[in-house]
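In: pasting the structure only:
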């Protein structure tokens, strides 16, 4: 809804507000763009069913916010919504409840006369006469050519500290000085077209001064831009002394203008981490005093703490120790917190099959006989629930798992907020586990191979190049290297996802992956492929049926057969990063392995077909048993 007129201007899915265009980002409407405002402006009046109960995720959010010195949250909230917004567009549900937005950029250009002015000037009027068609909302200019549409001027200023500001058109066209004729002169913006960057002229109507926006582009253009004012328009704040980072000219809606910082967790059954996390959340003041196992047993014998008898004492004591170490030690980064969430999920997926619940149902499936040398476990995840939370965002620099320290996180609210926005999806999936001995033997042989060493060195160059202007004395270029186990599992996951999408009708963007590779101290060999969209495609049983013996063997064989060739070969099969190259994939491309950004947990990095199937000219052993290769 528009912040000043309290009108609906459009609608988006909850997942859109989490991953595509959430707080602080720009959302393109048909006739203008809007900025999603901070949590201080969100209104839940009249909304009751918004709490998402997932203790593991709530605890993880608090651990992550600890890194930024923020207070602890009590809730995960879904976006405010009331039924009736479409059926009664003049009612409270349509005009009183929703996610608040504001027009941005707030400089508009008339499509007829090219007048350029701010939205709060007297030049433009907001029109939205049909409450049943919010997509028709628009700004118009009352000029001699009728009331033509006014569109957003598309240039903004962004810096790596996460600030976003309007482009200073008036100051720019006058080279930093005021106009000699008028204090607030009219401007015109003329787009000359062409295919070489922007070719837009800003002209002052009062004094006739002109300047092309091209002068502000590139490295040289940055020196002609003013100091960053430290503006966060989603919060309505400025830094008192400005910002020490140089602003960058950017087109509104550019893909690197907003990156979400999120955490996600699967709802787990009782005894697999979910209830223990809730226990710690509800009784932490008492449990934090426990220092040894005997003290826990004594406490469980007291009438006031009888509820402790419902839980495994070893699991509770381990969880208390882990939480105390996390709160007293260095604050973890979001990728580290997300990795910690994977541990209980692995235990639930690979351990004894639990009693089914509304949120989690697992069924053991026999591994096809011909795949027994490759897989040790195969399970149908008939029901699962994934909760996701947005804890901040970045601009220009993505919150990369490989370099979590490079991006500056931006807050979602001005003051202390007791909740963060969240969403949840229900779906199904397939969990598969490779043989531990097969993986261990392959890792031992491949870890020091020239191919794997090339990947590792490229990762180090990537880290150095990505962080070249912020190097520190203790910088380790190979910190966070996922290792050969992850690359093999990740590559296999993508092969299976693409085969499922091609052969079984699933859209690959409807699927997601979770790779359980562990580390050297706690190696794991699991892959979870699951539906990750809140619509009917993810809940009809189509994915779990693929784990049946005949279907699963056929899909695996076709996936491995496809790994041996690509229509982009030999360019794809010969690709391996060598100095000075720093890309993070080998024999992989959009034809054979890449999937959508919403599907892959690592942005299509750490992929290489040569580790699963022999490619032409390759002599190193592959992970796949010979009997499964064509």
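Out: Nice, thanks for sending it over. These numbers come from a predicted model, not from an experiment. Numbers count the residues shown, from 1 in each chain.

In: which strand is the longest one in the protein?
Out: Longest strand in the chain, counting residues (DSSP state E): strand 375-394.

In: Could I get the average pLDDT for the next helix-or-strand element following it?
Out: As assigned by DSSP states H and E, the chain's next helix or strand after strand 375-394 is strand 419-434. Here strand 419-434 scores 93 as its mean pLDDT.

In: From the contact counts, what lies against the next helix or strand after strand 419-434?
Out: Using DSSP H and E, the helix or strand that follows strand 419-434 towards the C-terminus is helix 436-446. Packed against helix 436-446 by the contact rule (3 or more C-beta pairs under 8 Å, 6 or more residues apart in numbering; DSSP states H and E) you find helix 483-504, strand 523-531. From N, CA and C alone the C-beta is placed, and that goes for glycine too.

In: so which of these gets nearest residue 77?
Out: Nearest of those to residue 77, taken as C-beta to C-beta: strand 523-531 at 23.7 Å.

In: What are the boundaries of the strands in the stretch 101-250 of the chain?
Out: 101-103, 107-110, 115-118, 124-127, 138-141, 149-152, 155-158, 164-166, 187-191, 200-204, 210-212, 231-232, 237-238, 248-251 (DSSP state E, counting those that start in this stretch).

In: Now stretch 423-438: buried residues?
Out: Buried residues in stretch 423-438, counted by 16 or more other C-beta atoms under 10 Å: 423-425, 427-435, 438.

In: what's the spacing between that stretch and its chain's center?
Out: 20 Å (C-alpha atoms, centre = their mean, to the nearest Å).

In: try stretch 239-248
Out: 26 Å.

In: list the buried ones in it?
Out: 243, 245, 247, 248.

In: Now for the third one: which residues touch it?
Out: Spelled out, that is residue 247. Applying C-beta atoms under 8 Å, 6 or more residues apart in numbering, we find residue 247 in contact with 157, 158, 159, 163, 165, 222, 225, 226, 227, 228.

In: Do you know the pLDDT at it?
Out: pLDDT for residue 247: 91.

In: got it, and the first one?
Out: Per-residue confidence for residue 243 comes out at a pLDDT of 91.

In: Weed out the non-buried ones from the contacts of residue 247.
Out: The buried subset of the contacts of residue 247 - by 16+ other C-beta under 10 Å - is 157, 158, 159, 163, 165, 225, 228.

In: Please work out how many residues are found near residue 522.
Out: 9 (other C-beta atoms under 10 Å).

In: coming back round to it: quick check: the farthest pair among the buried ones among the contacts of residue 247?
Out: 163 and 225 (12.6 Å).

In: one step back: deepest of the strands of the stretch 101-250 of the chain, which one?
Out: Mean neighbour count (mean count of other C-beta atoms under 10 Å) peaks for strand 107-110 among those, with a mean of 24.

In: Note down every partner strand of that strand and its orientation.
Out: strand 115-118 (antiparallel), strand 149-152 (antiparallel) (DSSP bridges).

In: if we can go back for a sec, so which of the strands of the stretch 101-250 of the chain comes closest to residue 269?
Out: Short answer: strand 101-103, nearest of the strands of the stretch 101-250 of the chain by C-beta to C-beta, at 39.2 Å.
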